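S.K.: sequence unknown, structure follows:
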């Protein structure tokens, strides 16, 4: 009788443990906190905006005092999306630095995937940015 009860108890535990769970491991001490910002410094053309969205923007200063920007994108479609992007940089007065000298980068993002794009400001005087995303060919 005891073995039947023990067997039923083991089966009950096994069934109870059959939930769809995900085991995750993370640091208890959060030393790498992301400073995600929700803002309008990203300009996207209308055709790409329907397919690829901005999840968040993270900014930090490099040890040398340069602004570093990281933008997380999410492809909302099932197909790969090509796009071009470039950063524009601004000083503390909102004046654009570098004009159109920043390079346009071609990239793509796979369907239903997220991707980080990043850049470091060209000068220490840069205090803000704008990211332009354009649908690729």
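M.R.: Structure received. Remember, it's a predicted structure, so these values are computed and weren't measured experimentally.
S.K.: Tell me how many other residues surround residue 52.
M.R.: Counted with other CB atoms under 10 Å, the neighbours of residue 52 add up to 22. All C-beta atoms are positioned from the backbone trio N, CA, C, and that covers glycine.
S.K.: Isn't it up against residue 83?
M.R.: Yes. Under the criterion of CB atoms under 8 Å, residue 52 makes contact with residue 83 at 6.4 Å.
S.K.: Which residues are in contact with each of those two?
M.R.: In the contact map built from CB atoms under 8 Å, 6 or more residues apart in numbering, the residues linked to both residue 52 and residue 83 are 109, 133.
S.K.: how much space is there between the closest residue to residue 60 other than its chain neighbours and residue 102?
M.R.: Distances taken as CB to CB, 6 or more residues apart in numbering place residue 68 nearest to residue 60, at 5.1 Å, with adjacent residues excluded. Relative to residue 102, residue 68 is positioned 15 Å away (criterion: CB to CB, to the nearest Å).
S.K.: and those two? which has more neighbours close in?
M.R.: Taking residue 68 and residue 102 together and counting by other CB under 10 Å, residue 102 has the greater number of neighbours (18 against 14).
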